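Chemist: can't give you the sequence, but here's the structure:
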């Protein structure tokens, strides 16, 4: 990726190689996300069965507190690592990445350690403020996890900057949750308690951080050391300062309307809405997988001024992401009741809220990695402004609608917020980067979506009187089969059909190290 390809056409050899790397890395990320979901669910089921529902609530509260705080206290150095490593390697100056990473890790370690000490000292008041006064020791254990949650992501950001996705899969998506289960099981031989469970969570992040550091050192070891630019720390701080609050707002944004709703409805109604929110968020899993892999390409291509190539990749990836998400979107729109019945019979009352939530999440998917692009091109201040405005909008609309409309009002607040925030990001991206995700090829998805949706609706109407698992499986599988068939026949551009054939022929090559691909 270090050579100048600015004069190559978007569909040329370099672009095809980039797409192959992106397909490979995205596939690894999807596999990792699947492992992460299964392992996390397994940990929750294990805790619930061994310690009970009350302990599960406390442990979830403490561990999520550590995760959210870790996202803020790494001070944006994970994204800075992705961006700076990709840029330096793309410029043909890979030796500088080790000095840059050392400074980024130092910043994240310092900030997160200070906050961890403060959390440890104030664990009692924090636990009481969050409605769990007896969980002081659990929050102290969570404080121990904070620096490692931050550092692990920084080192993994460095390897993603090298366009290597598998380390994030091994360490983050798979390794950390599996290590938590193992350490928790061992710890329970000493004390079956919430404190031991959260302590096991903290040590799972210690192991993950060690693994991420070793993998970074191995990958970066092939580069000769070179000094960082003068003022490197100042530049990293300037980049990262807006990212700390933005990361916090990004975590809070999806739950602000939920906390507002909790003031106006019963616990049972709140639980139904929580399930609807979780299901709607599943729609963006594929988008997350794509964005993780796309980020270093954005930083690299933008730094080298290859706007046309970046625009071409962005358009292609956005359409691929929407195409890959479409079967799940159709199923959630057509048969939301059977989907929610997975949580229990009473949860089907959340179908209206789920459909409203899907509006916002569909817009999220339809515009692709617009937020990641702003971050990777260095517009972190504008990213923070959008997050802050979105958070305020979500609260305002939720407080206005939830008292009268209940869960549907809260869902409307989130949907409106996601539509407005993505529109703002699209405008900012066009203003600063002069790219956008839409093209004529984008509309090739209409025929496959309409055909697959019609087949799914027909099956759903035919079997809806049967048991809900039959409805869910039959509607989803037959509708998806029809959608994929029509997509392959009419939804792909000629160059994509040829690329798909080449990828299938080179399936053994897709599993190779993405960093070894040459443009």
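Modeler: Everything's here; your move. Because the structure is a prediction, the values reported are computed rather than measured. Residues are numbered from 1 along each chain as shown.
Chemist: Now do the SS call for the nearest residue to residue 263 once chain neighbours are set aside.
Modeler: Counting by Cβ to Cβ, 6 or more residues apart in numbering, the nearest residue to residue 263 once its immediate chain neighbours are dropped is residue 402, at 7.7 Å. Where C-beta positions appear, they are placed from N, C-alpha and C, glycine not excepted. Secondary structure for residue 402, judged by DSSP: H, G, I helix; E, B strand; the rest coil, is helix.
Chemist: What's the local residue count around residue 402?
Modeler: For residue 402, the neighbour count with other Cβ atoms under 10 Å is 25.
Chemist: go on, the one 4 residues further on?
Modeler: Here the neighbour count serves as a burial measure; for residue 406 (other Cβ under 10 Å) it reads 20.
Chemist: And it, its phi and psi?
Modeler: Residue 406 adopts backbone torsions of phi 70, psi -130, taken as degrees, to the nearest 10.
Chemist: Same check on the one 3 residues further on?
Modeler: Per-residue torsions, residue 409: phi -70, psi -40 (degrees, to the nearest 10).
Chemist: Now do the contacts for the nearest residue to it once chain neighbours are set aside.
Modeler: Using Cβ to Cβ, 6+ apart and skipping residues adjacent in sequence, the residue nearest residue 409 is residue 401, 3.1 Å away. Applying Cβ atoms under 8 Å, 6 or more residues apart in numbering to residue 401 gives the contacts 408-410, 412-413.
Chemist: Who wins on neighbours among those?
Modeler: Neighbour counts for those (other Cβ under 10 Å) peak at residue 410, which has 32 neighbours.
Chemist: before we move on, the earlier item: pick out whichever of the contacts of residue 401 sits closest to residue 96.
Modeler: Residue 96 lies nearest to residue 413 out of those, by Cβ to Cβ, at 45.2 Å.
Chemist: What pLDDT does the model give residue 517?
Modeler: Looking at residue 517, its pLDDT reads 40.
Chemist: Over to residue 96?
Modeler: What the model reports as pLDDT for residue 96 is 92.
Chemist: Next, count neighbours for it.
Modeler: Neighbour number of residue 96 under other Cβ under 10 Å is 21.
Chemist: What count of nearby residues applies to residue 435?
Modeler: Residue 435 is flanked by 21 other residues according to other Cβ under 10 Å.
Chemist: before we move on, the earlier item: the residue nearest to residue 263 contacts residue 409, correct?
Modeler: Yes. Residue 402 sits in contact with residue 409 when judged by Cβ atoms under 8 Å, with a separation of 4.3 Å.
Chemist: Residue 324: which element?
Modeler: Assigned by DSSP states H and E, residue 324 falls within helix 307-334.
Chemist: do you know how far residue 361 is from residue 422?
Modeler: Distance, residue 361 to residue 422, by Cβ to Cβ, to the nearest Å: 10 Å.
Chemist: sorry, that was for residue 134
Modeler: Going from residue 134 to residue 422 by Cβ to Cβ gives 41 Å.
Chemist: Those two: which is more packed in?
Modeler: For residue 134 versus residue 422, the count of surrounding residues by other Cβ under 10 Å is larger for residue 422: 21 against 11.
Chemist: Which other helices and strands does the helix or strand harbouring residue 154 contact?
Modeler: Element membership for residue 154 (DSSP H and E) is helix 136-161. Applying 3 or more Cβ pairs under 8 Å, 6 or more residues apart in numbering; DSSP states H and E, one finds that helix 136-161 contacts helix 53-73, helix 77-90, helix 97-121, helix 123-129, helix 166-168, helix 194-220, helix 285-303.
Chemist: Of those, flag the one that's most buried.
Modeler: Most buried of the helices and strands packed on helix 136-161 by mean neighbour count (mean count of other Cβ atoms under 10 Å) is helix 77-90; its value is a mean of 27.
Chemist: quick one: average pLDDT of it?
Modeler: Mean per-residue pLDDT for helix 77-90: 93.
Chemist: Need the residues that contact that helix.
Modeler: 1-2, 94, 96-97, 100-101, 104-105, 107-108, 150, 153-158, 160-163, 236, 239-240, 243, 295-297, 299-301, 303-304, 375-376, 378, 380.
Chemist: buried ones in stretch 386-398?
Modeler: Neighbour-count burial for stretch 386-398 flags 386-387, 390-391, 393-395, 397-398 (criterion: 16 or more other Cβ atoms under 10 Å).
Chemist: er, stretch 129-141 actually
Modeler: For stretch 129-141, burial by neighbour count (16+ other Cβ under 10 Å) applies to 132, 135-141.
Chemist: Same check on stretch 476-495?
Modeler: 476, 478-480, 482-484, 486-487, 491-492.
Chemist: Which residue, other than its chain neighbours, is closest to residue 220?
Modeler: For residue 220, ignoring the flanking residues on the chain, the nearest one in space by Cβ to Cβ, 6+ apart is residue 98 at 5.2 Å.
Chemist: Could you report the distance from that neighbour to residue 156?
Modeler: On the measure of Cβ to Cβ, residue 98 and residue 156 end up 16 Å apart.
Chemist: before we move on, what about residue 377?
Modeler: Remark: distance between residue 377 and residue 156 (Cβ to Cβ) = 21 Å.
Chemist: So for these two, which sits in the more crowded spot?
Modeler: A direct count of neighbours by other Cβ under 10 Å for residue 377 and residue 156 places residue 156 higher, at 29 against 20.
Chemist: That one and residue 168 touch, don't they?
Modeler: Yes. Between residue 156 and residue 168 there is a contact under Cβ under 8 Å: 4.9 Å.
Chemist: hmm, back to that, what about the residue nearest to residue 220, distance to residue 358?
Modeler: From residue 98 to residue 358 the distance is 45 Å (Cβ to Cβ).
Chemist: ditto for residue 487
Modeler: For residue 487 relative to residue 358 (Cβ to Cβ), the value is 20 Å.
Chemist: Any stretches of the stretch 51-200 of the chain with poor pLDDT?
Modeler: Counting by pLDDT under 70, the stretch 51-200 of the chain shows low-confidence ranges at 53-54, 57, 130-131.
Chemist: before we move on, what about the stretch 251-400 of the chain?
Modeler: For the stretch 251-400 of the chain, applying pLDDT under 70 flags the ranges 267.
Chemist: three-state assignment of residue 378?
Modeler: coil.
Chemist: mind listing what it touches?
Modeler: Neighbour list for residue 378: 83, 239 [criterion: Cβ under 8 Å, 6+ apart].
Chemist: Contacts for stretch 427-445 next, please.
Modeler: Contacts to stretch 427-445, defined as Cβ under 8 Å, 6+ apart, come from residues 302, 307, 310-311, 314-315, 318-319, 322-323, 326, 366-368, 370, 373-374, 377, 379, 382, 386, 426, 487, 490-493.
Chemist: just to revisit the earlier point, wait, the residue nearest to residue 220 sits on residue 224?
Modeler: No. The criterion here is Cβ under 8 Å, and residue 98 misses it with residue 224 at 9.2 Å.
Chemist: re earlier: quick check: the residue nearest to residue 220 vs residue 89, distance?
Modeler: Look at residue 98 and residue 89: by Cβ to Cβ, they are 12 Å apart.
Chemist: can you check residue 296 too?
Modeler: Distance, residue 296 to residue 89, using Cβ to Cβ: 9 Å.
Chemist: overlap in contacts of the two?
Modeler: Residues touching both residue 296 and residue 89 (Cβ under 8 Å, 6+ apart) are 161-162.
Chemist: got the angle for the helix holding residue 324 vs helix 285-303?
Modeler: Interaxial angle, helix 307-334 versus helix 285-303 (axes from the mean of the first three to the mean of the last three Cα atoms, to 10 degrees): 170 degrees.
Chemist: State the next helix or strand along the chain beyond helix 307-334.
Modeler: Downstream of helix 307-334, the first helix or strand assigned by DSSP H and E is helix 336-340.
Chemist: show me what contacts residue 189?
Modeler: Counting by Cβ under 8 Å, 6+ apart, residue 189 makes contact with nothing.
Chemist: if we go to 10 Å?
Modeler: Residues near residue 189 by Cβ atoms under 10 Å, 6 or more residues apart in numbering: residue 196.
Chemist: How far off centre is stretch 48-59?
Modeler: Centre-to-centre, stretch 48-59 and its host chain are 26 Å apart (Cα atoms, centre = their mean, to the nearest Å).
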